[in-house]
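*Asks:* No sequence on hand, only this structure:
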């Protein structure tokens, strides 16, 4: 099915983001992936939702076929996302993100009230602003991890992924393995803002999807409770038997939660 999806590029802040788009007459749904992934890592979900939505899968800066960070003084993935939406001429899209893509999605919706019709956040890193002293060590550890990926073949990365993530569907691995050889070694994010301020400022209906912390989920029950108390328009969906990669580890429950939320008036 992916060979019928349109590949395109959109200009943002003097650079470009790559994307794949399912097309169709449904409302736009913009997907922002997690760290080291690419847009096509959403392929399984996009196939399920394509009959009802015009699904746009972006490659974040430093990922997939998008521009890297050379010459970028201030990294702002939320701005990149907003500029991509503007450049594509999307009217009130649903914004959905996973992990660091969920943080970018939340920051984008907070900065641009009225931009999104709804927001869906899959296990975002609800962490404090990054300590300045930790930025360089974190970036170096990430750079070393990416260099190891770049030294591996896609077959080796796939084998590693299958061993580490036996619950994933076969369809999840091709884009995931390819993305590990595409990611920029300098892509490690640092957060300058409080997640509490971002979530509180979102004005549209928002779904926070969490899993089990003991399975690797980043949003604990306490964090989910804090998030819900910050914004009356935010609701929480719990996906059992899944950790950080919720849609990959319990796809049916995840899809049901998403469909229920987007169908609500």
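*Replies:* Noted; the coordinates are in hand. Quantities reported herein were computed from a predicted structural model and do not represent experimental measurements.
*Asks:* if I look at residue 212, how far off is residue 250?
*Replies:* Per Cβ to Cβ, to the nearest Å, residue 212 is found 10 Å from residue 250. C-beta coordinates here come from the backbone N, C-alpha and C atoms, glycine included.
*Asks:* whoops, I mixed them up, residue 81
*Replies:* Using Cβ to Cβ, residue 81 is found at 26 Å from residue 250.
*Asks:* higher neighbour count, those two?
*Replies:* Neighbour count, other Cβ atoms under 10 Å: between residue 81 and residue 250, residue 81 has more, with 29 against 21.
*Asks:* shared neighbours, residue 212 and residue 250?
*Replies:* Common neighbours of residue 212 and residue 250 are listed as 240, 241, 242 (criterion: Cβ atoms under 8 Å, 6 or more residues apart in numbering).
*Asks:* Most neighbours among those residues, please name it.
*Replies:* Neighbour counts for these, by other Cβ under 10 Å, peak at residue 242, which reaches 24 neighbours.
*Asks:* which stretches of the chain have low pLDDT?
*Replies:* 1-3 (pLDDT under 70).
*Asks:* Need the three-state assignment for the residue sitting furthest away from the middle of it.
*Replies:* The outermost residue of the chain relative to its centre, with distances by Cα atoms, centre = their mean, is residue 133 at 26.3 Å. Classification of residue 133 using DSSP: H, G, I helix; E, B strand; the rest coil returns helix.
*Asks:* The one 3 residues further on too?
*Replies:* Local secondary structure at residue 136 is given as helix here, using three-state DSSP.
*Asks:* is it true that residue 138 touches residue 131?
*Replies:* No. Between residue 138 and residue 131 there is no contact under Cβ atoms under 8 Å: 9.4 Å.
*Asks:* Okay then, goodbye and thanks.
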